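S.K.: model the structure of this input:
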Amino acid sequence: MKAMRDVWGEKLVALGGSEPRTVVLDGDLANSTKADKFATAHPARFLQMGIAEQNLIGVAAGLASVGHIPWTSSFAVFFTHRALDPVRVLVAQSHANVKIVGSYSGLLIGAVGKTHLDVQDLAIMRAMPGMTVLAPADSAELLAVMDWANQYDGPVYLRISRDAVPDLFDADYVFVPGRIHRVRDGTDVVLISTGPQTSRTLAAAEHLAGSGLEARVLHVPSLKPLDESSLRAAVGDARLVVTVEEHSVHGGLGGLVTEVLTAEGPSPRIVRIGLDDTWGESAGNDFLLDKHGLSPERTAERVRALIGSTEEASCV
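M.R.: Residues are numbered from 1 along each chain as shown. Just a heads-up that it's a prediction; the model follows:
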């Protein structure tokens with residue numbers, strides 16, 4: 001396995017080699033995000049903007065307006081919070097062809113410090129009209145997403161993690177915006193996840209299988225757009241749906257699934273596992289996953305209890 005930030009940095013180099021319009025703007029974090037690989041390979045198309053993310057986004061929008069394909073490099077929190085107004089006005093409202101890459105996203109950067117944790121980004125960007133919101137599960141999906149995004153004419157928010165993640169797809173994977181992926185079959189519960197959390201959710205399903213419970217696992221890499229009819233079809237007549245995300249339970253994947261499944265009449269019971277209206281903290285990855293019920297073991301424990309309560313309710 002290779003760290004997702006390394007995969008993204010190397011793919012940027014490849015995109016720069018095949019598409020001369022590709023440029024990269026960095027917020028003084030290139031050695032962390034690995035955009036420094038692009039700086040070495042294509043120095044004339046690498047712009048070091050310093051710790052000035054608002055200005056970075058403005059310059060990216062300007063470059064897009066004259067035909068370049070700007071990819072931006074910084075931590076997710078600095079784009080979705082510090083630079084939110086330029087993202088809204090200069091990129092989303094003008095439909096600028098800017099690729100906003102939120103590196104060091106989610107919960108698992110506690111060692112960097114809690115102020116750098118961003119567990120609201122999917123909610124913020126999903127609510128932005130005209131913004132495509134993507135969260136790949138592994139390296140193969142990240143590569144395919146970047147190929148697609150470099151060809152797509154419009155704003156994209158791409159959420160990537162810092163560290164290595166287990167392989168879920170093979171090298172032949174082709175990204176299709178909106179598509180739902182069924183990565184495990186089961187009839188007792190439907191688990192839905194996104195980004196690298198999908199691998200941990202699959203591991204939780206294996207824990208459940210050890211208890212005689214079979215979980216269907218769906219992976220949602222494209223939070224916007226989403227093929228809503230395919231999601232409803234993949235859930236089918238399940239009585240219990242559990243969303244699992246390394247994000248706030250408000251406005252992210254859980255909110256999206258709830259909106260879709262309740263929009264057309266009766267829906268299954270939907271439970272959201274994630275950060276329950278709280279901030280992250282400075283701590284190790286395993287501690288944070290366990291605390292918020294996102295480790296495979298804690299997720300499986302929660303789902304076992306939910307299945308029991310759902311079965312009891314159906315007998316009343």
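S.K.: make it CA atoms for all contacts and neighbour counts henceforth
M.R.: OK.
S.K.: for the nearest residue to residue 205 once chain neighbours are set aside, give me the backbone phi and psi.
M.R.: Spatial nearest neighbour of residue 205, chain neighbours left out: residue 215 (5.5 Å); criterion: CA to CA, 6 or more residues apart in numbering. Residue 215 has phi and psi values of phi -100, psi 130 when expressed as degrees, to the nearest 10.
S.K.: residue 215 against residue 183, yeah?
M.R.: No: if you go by CA atoms under 8 Å, residue 215 and residue 183 don't touch, sitting 10.4 Å apart.
S.K.: so which of the two has more stuff around it?
M.R.: More crowded of residue 215 and residue 183, by other CA atoms under 10 Å: residue 215, with 24 against 14.
S.K.: contacting residues for that one?
M.R.: Applying CA atoms under 8 Å, 6 or more residues apart in numbering, one finds that residue 215 lies in contact with 184, 185, 186, 187, 188, 189, 190, 191, 205, 208, 209.
S.K.: between those residues, which is nearest residue 49?
M.R.: The shortest approach to residue 49 among the contacts of residue 215 belongs to residue 191, at 41.1 Å (CA to CA).
S.K.: poorly predicted segments of the stretch 201-316 of the chain, please.
M.R.: The stretch 201-316 of the chain contains residues with pLDDT under 70 at 309-316.
S.K.: all helices of it, in order?
M.R.: 228-235, 253-261, 285-291, 296-314 (DSSP state H, counting those that start in this stretch).
S.K.: the residue nearest to residue 205 pairs with what?
M.R.: residue 189 (DSSP bridges).
S.K.: and it, how far is that from residue 253?
M.R.: 18 Å (CA to CA, to the nearest Å).
S.K.: one more: residue 169?
M.R.: Taken as CA to CA, the span from residue 169 to residue 253 is 21 Å.
S.K.: what number of residues lie near residue 132?
M.R.: Around residue 132 there are 24 residues (other CA under 10 Å).
S.K.: and residue 20, by the same measure?
M.R.: 12.
S.K.: just to be sure, it is in a helix?
M.R.: No: per DSSP: H, G, I helix; E, B strand; the rest coil, residue 20 lies outside any helix segment and is coil.
S.K.: any figure for the gap between it and residue 44?
M.R.: 11 Å.
S.K.: neighbour-wise, which of residue 169 and residue 253 wins?
M.R.: Applying other CA under 10 Å to residue 169 and residue 253 shows that residue 253 carries more neighbours, namely 29 against 14.
S.K.: from what I can see that one touches residue 197, true?
M.R.: No: counting by CA under 8 Å, residue 253 does not reach residue 197; the two are 11.4 Å apart.
S.K.: which neighbours do these two share?
M.R.: 244, 245.
S.K.: how about residue 242, what does it touch?
M.R.: 189, 190, 191, 192, 270, 271, 272, 273, 303.
S.K.: go again using 10 Å as the cut-off
M.R.: 189-193, 217, 254, 257, 268-273, 299, 302-303, 306 (CA atoms under 10 Å, 6 or more residues apart in numbering).
S.K.: the strands in this structure, which residues?
M.R.: 22-26, 46-48, 69-75, 99-103, 132-134, 156-159, 181-184, 189-193, 215-219, 222-224, 240-248, 269-275 (DSSP state E).
S.K.: now those in a markdown table, with distance to residue 115?
M.R.: Formatted as a markdown table, those follow (distance: least, CA to CA, whole Å):
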| stretch | distance to residue 115 |
| --- | --- |
| strand 22-26 | 20 |
| strand 46-48 | 23 |
| strand 69-75 | 11 |
| strand 99-103 | 15 |
| strand 132-134 | 23 |
| strand 156-159 | 18 |
| strand 181-184 | 33 |
| strand 189-193 | 25 |
| strand 215-219 | 29 |
| strand 222-224 | 25 |
| strand 240-248 | 15 |
| strand 269-275 | 15 |
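S.K.: out of those strands, which gets nearest to residue 118?
M.R.: Of all those, strand 240-248 comes closest under CA to CA, at 7.9 Å.
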